[in-house]
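**Q** sequence plus the predicted model coming up.
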Amino acid sequence: MKPIAFAALLLASPAFAQDADEASVAAMTAAILDVDCLVTAENGDAVLEASGLSEEETMSVIATMYAAGSVALEADGSMKLIDEACE
């Protein structure tokens, strides 16, 4: 399952844990930065692999990042990292 699908699933499941550890969030942030701050259907698998996280860890990380305002879902289904390095 691609991270975009994870993000959509998370939005549909507001009770999902938002307690990812800082190292996991940092790993996902680095993976998203490596794809120029935008996760798409085309690069989602590569981002997941680059993060080194399991699908379950990824779901928790994305929920944590979304709750913190670190990622945003775009109208086209992509997920954008909100970071000063992405501006």
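**A** Looks like it came in fine.

**Q** when you work out contacts or count neighbours from here on, use the C-alpha atoms and nothing else.
**A** Fine.

**Q** so which strand or helix has the spatially most central residue of the chain?
**A** The centroid of the chain falls nearest to residue 62 when counting by C-alpha atoms, centre = their mean (4.2 Å). Using DSSP states H and E, residue 62 sits in helix 55-67.

**Q** list the strands paired with the helix or strand following that helix, with their directions.
**A** For helix 55-67, the following helix or strand on the C-terminal side (DSSP H and E) is strand 71-73. Strand 71-73 has its sheet partners listed here by DSSP bridges as strand 79-81 (antiparallel).

**Q** mind checking how far residue 59 is from residue 34?
**A** Note on residue 59: its distance to residue 34, by C-alpha to C-alpha, to the nearest Å, is 19 Å.

**Q** more neighbours: the two, which one.
**A** Comparing residue 59 with residue 34 by neighbour count (other C-alpha atoms under 10 Å), the higher total belongs to residue 59, at 22 against 14.
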